[in-house]
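> Need the 3D shape of this:
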Amino acid sequence: MKTTEITVLEDIELDNPIFIEALPGLGHVGKLAADHMIDELGATKFAEIYSPTFPPQVIVKEDGIIENMKNELYYLREVGEDNLDLIILVGNTQSLSPEGQYLVCKDILEFVKQYGIDRIYTLGGMVTGQPPESPKVFGAATNEENAELLKEIDIELRSNDGGIVGASGLFLGLGVRQGIPGSCLMGETLGYFIDAESAEAILNKLSILLNFDINVDKLEERAEETRQMIAKAQQMEQDMINKANAGNADDLRYIG
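Numbers count the residues shown, from 1 in each chain. Predicted coordinates:
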């Protein structure tokens, strides 16, 4: 039985699209970059993804309206000089457990495969321990050909320094098993704040790889919006922990 619920909002046809994953992670670098792409290039949402493996909560926005924990798929047609079609995966969460990560990523990959995806790019952050003056972009790939493409545009390849955790790693690994090549772009970041500079760095590299232009002037504005959203989610998680630690099962005078 599938645990992932994918609601299709629009039936679409695409020409061998490139699949780009950018779910929340270190510094929210990938998420920030992809959200900016969606806004600047005018992408259209065509599917929403829900799973019981997501955190058991909702986000309350400034107007008092709730937002579910979810992932979303957007599409773009004929982007850049090469007229590429893109599918972009974003969202406000990843699954909580390793098992949930595998199940959700596998189901999403099976879903986007029907549109004929032939490449995967995953976007994220990489903590280096030092505040970067100008964030570098690190990379990893599923084959030597893609690794060479990264090196040609001065992306520093990771080598024997650990793994890529979460969706950014899983989609590449699952893609390898199904013959879909891919690469991961990781922006250098401290990891504990919303990093617009690092997001700009990976966007600049991605735009070279896919041969498109994008204005990054509004990235800092979007970073502030993301900071507010994450702060609310973290506060809710802390409230849940505090209530659990209190251990008073008889007191039901709380919202939830």
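> Report pLDDT for residue 248.
On the pLDDT scale, residue 248 is placed at 55.
> Tell me where the stretch 1-150 of the chain has helices.
Secondary structure of the stretch 1-150 of the chain (DSSP state H, counting those that start in this stretch): helices at 29-41, 98-113, 144-152.
> tell me which strands and helices the last one is in contact with?
Using 3 or more CB pairs under 8 Å, 6 or more residues apart in numbering; DSSP states H and E as the contact criterion, the neighbours of helix 144-152 among helices and strands are strand 137-141, strand 156-157, strand 182-189. C-betas here are computed from N, CA, C, even on glycine.
> Buried residues, stretch 17-37. List them.
The neighbour-count check on stretch 17-37 (16 or more other CB atoms under 10 Å) flags 17-37 as buried.
> Residues contacting the one helix or strand residue 203 maps to, please?
Using DSSP states H and E, the element containing residue 203 is helix 196-210. Residues from elsewhere that reach helix 196-210, judged by CB atoms under 8 Å, 6 or more residues apart in numbering: 18, 20, 27-30, 32-33, 36-37, 79-80, 82, 84, 86, 121, 123, 125, 132, 134-137, 149-150, 153, 155, 183, 185-189, 213-214, 216, 219-220, 222-223.
> Quick one, which of those residues are buried?
Burial by neighbour count, 16+ other CB under 10 Å: within the contacts of helix 196-210 this picks out 18, 20, 27-30, 32-33, 36-37, 79, 84, 86, 121, 123, 125, 135-137, 150, 155, 183, 185-189, 214, 216, 219, 222-223.
> could you point out where this protein is predicted with low confidence?
Applying pLDDT under 70 to the chain flags residues 1-2, 131, 222-223, 225-234, 247-256.
> One more pass at 90, please.
Across the chain, residues meeting the criterion (pLDDT under 90) sit at 1-3, 25-28, 61-63, 127-135, 158-163, 189-198, 216-256.
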